[in-house]
Each structure stands twice: as C-alpha cells, then as structure tokens.
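> sequence and predicted model, in that order:
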Amino acid sequence: MTLAAALDCGAVTENSTFYCGGHETFNDREQEVSCWKAAGHGMQTTMEALGHSCNIAFGHIGVNMTRKTFVEYFKAFGFLEKTGVDLPGEASGLFWAEDKFSVANLISASFGQTFRVTPMEQVRAVAAIVNGGYLLKPYVVSQVLDSDGNVVKSNERTVLRQVISEETSATMCKMMEYVVTDGTAGSAKTPGYRVGGKTGTSEKIDTYDENGKPVEDKIVSFIGVAPIDDPKYVVLVALDTPNYVAGTSYTPHNQYISGGLMAAPTVRDVFLDILPYLGVEPDYSSDDIRGVNITLPDVIGMTEDEAAALLSGKSITYRTVGQGSTVSDQLPSPGAEVPGNSEIILYFGNAVKTTEQVEVPDFVGYGIADVDYLATNAGLYIQAKGTDHRDEYVTVAYQDIEPGTMVDRGTTITVEFTTGGASD
C-alpha cells in the first residue's frame, strides 16, 4: 500500500533511488531502523526497493509522503473500516490515533509494522492495487437460488471508490511481478503463469511471555496475484509464529524465517491447483517447462521418428538402447510423470528394460549438485521446487517420497529447496 500511495500522490516515481546501508537513523526518530539485510542493499531503484523488501527505503518513502497523506490513503484503502463481507463477526483494523501518529510511527508503518489489519482488509486492498485502483465490496456468496432454481439474491460487483489511478495500478502490477521474478518471492514462481505479489515478515512487538518479556514471535506471509498481467485471483497465506531457535531468526532446521521462503511456496502450490481448474491456460516458456511434470505417452511400437516427434511435442528428449525398427519398450513406462525437458530411454530390438527397484535416497539437507548426483546414481528424476537461489546455503527441506522407500527406476521425486541465507 505504501508504494502504491506514494506513486499515486507523486511522493516518489519509478526513477527514484534509495540507499540502504543496512542500518540508518532517521530525523525525528530515536530508534535506529534496521533492514533484514544487515549488509544493506546499496543504491536501489523504486522497483528494486520493493523487490528487496527494504525497510530503509520504505522508511524514506513514508517520510516523503508525510503523515497526513499516509493516513488519507490508509483510510481510502479501507483499513479502518469493516469490509462488509457476508460473514459474521468481522473486525476492522487497528491504527494510531491521528494526533498520536508521529514521524517515528510513520516510518515503521511505511514498512508494515506497528498496526494491525485483517486478512480480508489486506486482500481487498491488494485487489484494488492491481485491478485499476478500485476498492470493491467483497462477498462469499455469488447467488442465492430457491428450490426451483430461480435467483433470489445476486451479489454484483460493487465499487466503493477509486483509491489510486489506473496508471498507478498498472505500474504496481509491473513492480509486484518483479518481486516474484527478481525479488524476495522467487519461491512463488508458478510454471506457466505470471505471478506478482509481496512478501511480509512482521514482528509481534506487543506480545509478551509469562515473565512479561517481549517474545520474538513473527507472522510471515505472502500475498500473490495471478495472472499479474490480467489480475483475476488473489491468494494470501500467513503463517503465525513459525518455530524458531531463541535469539535467532532461524528455524531448528536452519531455515531463515521469512514470508518469501515459508509462505510464498504455499501460494505457488495453491495457484498450480486452482488456475487450471478455473480455466486459466498456462503458457510455458523453456524455463517453465522444467517445473512441470509431463505424463509420458505410449511410444511402444512406433518407429524412432514417430516417437521422436511425439516426445518432442511434450518437451521430452530420449536416448536409445539396442537396435531395431520400432520401440520395444520405454523407461519410464507409459503414463509415468517426469519433469519437462527430461531424458527417457527407448529400447529397440532385443534390448531388455531394467525392472529392478531402487531405494530413494535421503535428499534433505543436501545442496543442488549433491541432489543431482544422488538422483542420477539411483536412476531417479528430480522435480525441484522452492527457492531459485544457487548459493551454498540452498538445501532440500522436504521430499515427497520418504528416504528408504523402494520405487521403480525412473520415478520422479519432488523436493523443496530452501535457503539458510537471510531473505525477507
């Protein structure tokens, strides 16, 4: 919201720049502002600041807006009112009284701290940011029908007000896509679809333990929009108080606690489930296809040319074993799933397919190169999900088939990579 408001009122532009050294003391604020990246992001553009989720940059963006303008947009986005959704017990957000809203509070609020909003308020506001700037009344029930199928009640699209311009909305869509393609939400990349969004990592600054001491609990979140080039669906995932090692920002499994690493993958998986069901056609690039499981056709009995043409159309390569005029067998078998761009084996003549089962290795804790080595030695395929980082901190946090399980050679194992390096 901060950036959408700042762009809309002219407090910043796409060409504005912000320097982050990791820590900064602002005028009219005693407490130093720290960015999640202790070394700092250096000089960055407005889009990069959003992609980096940079607290210091957003502190400056808030100051540029002024307290009065920030509050005006906060109200306009509906954060201080109930949305009117057709569900019982709705609450509204909590914010500072205007006469108590200091510059120090403004700086914290600009990067999403020191106030509370409801999930419904957040989803509605993000919908307004990407839909042309229009704040809508949400509802769960589209129509009510009687026993004869007649429409008794129908909820139509209701525009409450325009919060930002359509031009600002289009700019925000572009910048929110950057968060996924090049920023903190790389784990939200969804094969075949253009996704935008924003990560969030919020501290529970007003929660105390039984001894009256502040806790180190966090809420991590990611709100995603798809397709970001024609926004239709918003998904918000928030994880309340991930388990952490006291005094650190890491889980017991050495995963950095952040929305980009923990909530974004869930949003990705939700989009992968719902978008095809809702009729949104995927558009796979050569990079995307590797993240999609392809069901293998039956090429047994085909000539090599016939099999090659069919497999090529499904982004599958092959190698041959034996000699003959037609394919006598294939590995994996017809109907099995393998990642796009995978190589399968086609058998010809009297060549015999390997039928032995293999033991699934324990991939958890291993890096990318080691996983590839273990899978290749076992004759298994790997469907890699999660972070697209390629540093030494990236390891497997999860695999879908338990280590030690006996499976057919050529089985696909899905693993989730995460990073122990810091990321918001």
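Yes, it's here. If you're wondering where the values come from, they're calculated on a predicted model, not measured in any experiment.
> C-alpha only now, for contacts and for neighbours.
Will do.
> now D209. Nearest residue, chain neighbours left out?
Spatial nearest neighbour of D209, chain neighbours left out: V215 (6.0 Å); criterion: Cα to Cα, 6 or more residues apart in numbering.
> hang on, isn't the one you found packed against T207?
Yes: assessed by Cα atoms under 8 Å, V215 is found in contact with T207 at 6.0 Å.
> I219: what secondary structure?
Classification of I219 using DSSP: H, G, I helix; E, B strand; the rest coil returns strand.
> what of the one 3 residues further on?
State at F222, reduced to three classes by three-state DSSP: strand.
> you'd agree it is up against K198?
Yes: between F222 and K198 there is a contact under Cα under 8 Å: 5.8 Å.
> what do these two both touch?
A185 (Cα atoms under 8 Å, 6 or more residues apart in numbering).
> where does the stretch 301-424 of the chain dip in pLDDT?
388-389, 391, 420-423 (pLDDT under 70).
> sketch out the strands for it, chain order is fine.
317-321, 327-331, 337-339, 343-348, 357-359, 381-386, 394-399, 406-408, 412-419 (DSSP state E, counting those that start in this stretch).
> list phi and psi for A5.
Backbone torsions for A5, taken as degrees, to the nearest 10, come to phi -70, psi -40.
> compare neighbour counts for V215 and T207 and give me the winner.
V215 (16 against 12; other Cα atoms under 10 Å).
> show me what contacts the more buried one?
Applying Cα under 8 Å, 6+ apart, the residues near V215 are 204-205, 207-209.
> equivalent analysis for V245, please.
251-252.
> any idea how far it is from T419?
Distance from V245 to T419, counting by Cα to Cα, to the nearest Å: 16 Å.
> show me which of the contacts of V215 is closest to G62.
Among those, I205 lies closest to G62 (Cα to Cα), at 20.3 Å.
> thinking again about what came up before, can you redo the contacts of V215 as CSV with secondary structure and distance to V396?
Shown next, in CSV, are the contacts of V215 (DSSP: H, G, I helix; E, B strand; the rest coil; distance: Cα to Cα, whole Å):
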residue, secondary structure, distance to V396
K204, coil, 29
I205, coil, 32
T207, coil, 33
Y208, strand, 34
D209, coil, 33
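> select from the residues you listed the one having the most neighbours.
K204 (17 neighbours).
> list the buried residues for the longest helix along the chain?
Scanning the chain for the helix with the most residues, using DSSP state H, yields helix 166-182. Residues of helix 166-182 classed as buried: 166, 168-173, 175-181 (neighbour count, 16 or more other Cα atoms under 10 Å).
> follow-up on the earlier one: per-residue confidence at the residue nearest to D209?
As summarised for this prediction, V215 has a pLDDT of 85.
> returning to that earlier point: among the strands of the stretch 301-424 of the chain, which is nearest P231?
Comparing these by Cα to Cα, strand 381-386 comes nearest, at 23.2 Å.
> next, the angle from that closest one to strand 394-399.
110 degrees (axes from the mean of the first three to the mean of the last three Cα atoms, to 10 degrees).
> CSV for the buried residues of helix 166-182, including distance to Q323?
Shown next, in CSV, are the buried residues of helix 166-182 (distance: Cα to Cα, whole Å):
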residue, distance to Q323
E166, 63
T168, 63
S169, 60
A170, 58
T171, 58
M172, 58
C173, 54
M175, 54
M176, 53
E177, 50
Y178, 50
V179, 51
V180, 47
T181, 45
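> mind listing the helices for this protein?
2-9, 46-52, 55-65, 67-76, 103-110, 119-130, 166-182, 259-262, 264-277, 304-312, 368-378.
> now those in JSON lines, with distance to I228?
JSON lines is the format used below for the helices of the chain (distance: least, Cα to Cα, whole Å):
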{"stretch": "helix 2-9", "distance to I228": "16"}
{"stretch": "helix 46-52", "distance to I228": "15"}
{"stretch": "helix 55-65", "distance to I228": "23"}
{"stretch": "helix 67-76", "distance to I228": "23"}
{"stretch": "helix 103-110", "distance to I228": "24"}
{"stretch": "helix 119-130", "distance to I228": "8"}
{"stretch": "helix 166-182", "distance to I228": "6"}
{"stretch": "helix 259-262", "distance to I228": "18"}
{"stretch": "helix 264-277", "distance to I228": "12"}
{"stretch": "helix 304-312", "distance to I228": "30"}
{"stretch": "helix 368-378", "distance to I228": "30"}
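> please identify the most buried of those helices.
helix 259-262 (a mean of 28; mean count of other Cα atoms under 10 Å).
> wait, what's in contact with the closest residue to S108 other than its chain neighbours?
Spatial nearest neighbour of S108, excluding adjacent residues (Cα to Cα, 6+ apart): T114 at 6.4 Å. Contacts for T114 (Cα under 8 Å, 6+ apart) come out as 95, 105, 108, 205.
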